[in-house]
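# Could you look at this predicted model? Sequence included:
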Amino acid sequence: MSDDTEPRGSTTLDGFRVLWVGIKREPIVFTVATLGAVLFGVLTVADAWVLGWATQHVLIPAFETGEIGTDMLLWVVALFMGVAILRAVGIVARRLGGGIMYYRMQSHTRRGVTRQYLSLPMEWHQRHPTGQLLSNAYSDVEAAWAPIMPLPMALGTVVMMVVAVVQMFVADVVLALVGLLVFPAVVVANLLYQRFSSPLMTRAQGLRAEVSEIAHESFDGAMVVKTLGRETEETDRFRAKAQELRDVNVRAGRFRAIFDPTLASLPNLGVLIVLAVGASRVTTGATEAGDVVTVAYLLTIVSFPIRAIGWLLGEFPRSVVGYRRAKAVLDATGSMVYGDDELPARTTGALLEVADLHYSYDADAPLLRGVDFDVRPGRTVALVGATASGKSTLTSLMTRLVDPDSGSIRIDGHDLKGLRRGELPRDVALVPQTAFMFDDTVRGNVTLGADVPDADVWAALRTAQADGFVAALPEGLDTKLGERGTSLSGGQRQRLSLARALVRRPRLLILDDATSAVDPEVEARILASLRDDRDGAGDADGQGSAASLVVVAYRKATISLADEVVHLDEGRVVARGTHTDLLATSPAYAQLVNAYETEAALDADTGSAAGSATDGGTQA
């Protein structure tokens, strides 16, 4: 995404293009806000006319005669009050409309970015750090629409400036020309500011994403950081990037600190020149004192539009960068294309066919090579293989989190690539080894917002052997689990994750070592419960109506559940058959499974010894 954050073309033109997107989305609010700003601008200029009229027709005659007419005084007060009230109405409309546009566009863009995150394939997410994605959805969106709030004010002040300039020329052409000499200097100041600040704003937005990324990693890996005593190193890593962001922002702030006073002082310099020239012209009789006052006051009014436009243009560099970064997400498609096929509405287990499947993360190191196997409806297939043999990648391919390089995966005869978006999750469920829990209730984590009766939730919990500990929780299904389910053990989280899949009654259930954190005795009960459900679910013609099951397995108890075992080795299917047959006919398979069993036994003995030592220490 870095290419999308590099400056390209005119920042000013790109900034106005970003604003045009917001204007097209909120035309009514923009119109109301702009009309309010125009009303404010016109009446601000009217103040100058009232001041000049009062000077010429009330104050100067009063000095000459020593008297002020009551009627004239009332007229002046009424004029000033009327202008002030109408100007206040304009301010309310301008600020309210600008604020509504600003927050609506932020909300709209954030929803779009988040929606896009959820729809993009996993391979896209694997290429983009989480911290960067958080920055895209928050600080980039905020930066993108920062100029839209002052936009109505800037447009209103443009009208005010035009009216003021016309009024200046009506009052005195020479003084108007003298006063407007500051405009070229203002334009040059804006161009210089954008030239120097735009690269800094671009770098600052990128650094915000990097800081967010480091913070996210530190928080997610808090246990690793604390248990290995790496707090100082993580703090230093964050400090270095945060200080780099600070330095870039300080440099950008220095340019802004020079730009803003310069922009404010140029009109004031023009006022001084106008007063000096005007005094000379009054002395020679070339103009009247009231006209000098009018032009000088109008020039002070013109200084406000200049500053307002400067504020708007000053936000453009950061806005353009933020919009490009957010737009890069909104325009991303990944490489996943969907078709229009629908899976048949059936209650039987799904037929899964994997044919000549190839996949690689690195073109020079293929991971899966020509994988072929099938899972008949209602049957169980165990995937067994050494670490890095491609088992978890295969589960991602079967659920179409990623697409294969070549070959096909079919469900009931339909290629996954031909299914329409959202069709596959209705019939296929994956239970990963790492169980993610939301900061929600038990019910919310199992149903994920779906309208599921509590009876079905409890049935899924029973099958997953989670009903006992859920019933013991303080509020049962309504118990809040905390962020990532921190109040639960790893095994409990895995069982809830399994219940989450079961409650949807999938036709194909894929378990990627989904009971690795569960005690072997509990795992045996889970597997027996799955077997009982399946044995009782056959229909009259023998076709299984329970879910077809693919299990990534290590333990013999899990593997023995399977009707067939597929042995993967270095990305290839090297053996297929029942667990018993493969033990007898495949030495490599027997060695692998027995090695797993030996390792598990050693782990169990080590854990038991540690537990005994702990108990002994406690008793002592």
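Sure, I can see it.
# how about low-confidence regions in the stretch 401-550 of the chain?
Scanning the stretch 401-550 of the chain for pLDDT under 70 picks out 517, 520, 531-545.
# ok, for Ala450, nearest residue in space, not its chain neighbours?
Nearest non-adjacent residue to Ala450, counting by C-beta to C-beta, 6 or more residues apart in numbering: Arg504, 7.5 Å away. C-beta here means a position set from N, CA and C on the backbone, and glycine is covered the same way.
# Doesn't the one you found belong to a helix?
No - looking at Arg504 with DSSP: H, G, I helix; E, B strand; the rest coil, it is coil, so not inside a helix.
# pretty sure it is touching Val428, no?
No - counting by C-beta atoms under 8 Å, Arg504 stays clear of Val428, with 9.7 Å between them.
# okay, the two: which has more neighbours?
Taking neighbours as other C-beta atoms under 10 Å, Arg504 and Val428 compare with Val428 leading, 25 against 21.
# Now that one. Nearest residue, chain neighbours left out?
Counting by C-beta to C-beta, 6+ apart, Leu508 is the residue found nearest to Val428 once chain neighbours are left out, at 4.5 Å.
# now swap in Ala46 and tell me
Using C-beta to C-beta, 6+ apart, the nearest residue to Ala46 is Val83, at 5.2 Å.
# For that neighbour, what is the enclosing helix or strand?
Under the criterion of DSSP states H and E, Val83 resides in helix 70-119.
# Report the distance from that helix to the chain centre.
Relative to the centre of its chain, helix 70-119 is centred 29 Å away, using C-alpha atoms, centre = their mean, to the nearest Å.
# The following helix or strand past that helix packs against which elements?
Following helix 70-119 in sequence order, the next helix or strand is helix 122-126 (DSSP H and E). On a contact count with 3 or more C-beta pairs under 8 Å, 6 or more residues apart in numbering; DSSP states H and E, helix 122-126 meets no helix or strand.
# And helix 122-126, how far out from the chain middle?
Offset of helix 122-126 from its chain centre (C-alpha atoms, centre = their mean): 14 Å.
# got a list of contacts for that helix?
Contacts with helix 122-126, where a contact means C-beta atoms under 8 Å, 6 or more residues apart in numbering, come from 117, 133, 332, 334-336, 396, 401-403.
# what about Asn445, how many neighbours?
Per other C-beta under 10 Å, the neighbour tally for Asn445 reads 23.
# what's the answer for the one 3 residues further on, then?
By other C-beta under 10 Å, 13 other residues sit near Leu448.
# I'd like the distance from it to Tyr193, if you could.
For Leu448, the distance to Tyr193 (C-beta to C-beta, to the nearest Å) stands at 50 Å.
# Check Ile309 too.
As judged by C-beta to C-beta, Ile309 and Tyr193 stand 12 Å apart.
# Also Val174?
Distance, Val174 to Tyr193, using C-beta to C-beta: 31 Å.
# Tell me which residues touch the nearest residue in space to Ala209 that is not next to it in sequence, please.
Spatial nearest neighbour of Ala209, excluding adjacent residues (C-beta to C-beta, 6+ apart): Ser135 at 3.6 Å. Residues in contact with Ser135 (C-beta under 8 Å, 6+ apart) are 205, 208-209, 212-213, 325.
# Just give me the closest of these to Ala595.
Nearest to Ala595, judged by C-beta to C-beta, of the contacts of Ser135 is Glu213 at 38.5 Å.
# is it true that the residue nearest to Ala46 touches Val45?
No - using C-beta under 8 Å, Val83 is not in contact with Val45, being 9.7 Å away.
# Could you check which of those two is surrounded by more residues?
Between Val83 and Val45, Val45 has the larger neighbour count (other C-beta under 10 Å), namely 24 against 18.
# relative to helix 70-119, how tilted is whatever helix or strand the more buried one lives in?
Element membership for Val45 (DSSP H and E) is helix 27-54. Here helix 27-54 runs at an angle of 160 degrees relative to helix 70-119 (axes from the mean of the first three to the mean of the last three C-alpha atoms, to 10 degrees).
# how about low-confidence regions in the stretch 51-200 of the chain?
The model of the stretch 51-200 of the chain has pLDDT under 70 over residues 51-53, 55-73, 187, 190, 194.
# Start from the N-terminal end of the stretch 251-400 of the chain and give the strands.
Ranges of strands in the stretch 251-400 of the chain, per DSSP state E, counting those that start in this stretch, are 352-359, 368-375, 380-385.
# burial measure for the nearest residue to Val442 once chain neighbours are set aside, as a count.
Among residues not flanking Val442 along the chain, Leu477 sits closest, at 4.9 Å (C-beta to C-beta, 6+ apart). Neighbourhood size, Leu477 [other C-beta under 10 Å]: 18.
# for Gly482, same thing?
For Gly482, the count of nearby residues is 13 (other C-beta under 10 Å).
# ok, now which ones touch the residue nearest the centre of the chain?
Centroid-nearest residue in the chain, with C-alpha atoms, centre = their mean: Ala137, separated by 2.8 Å. For Ala137, the contact set (C-beta under 8 Å, 6+ apart) comprises 110, 113-114, 117, 326.
# Which single one of those is nearest to Gly407?
Set against Gly407, the nearest of these by C-beta to C-beta is Tyr117 (28.4 Å).
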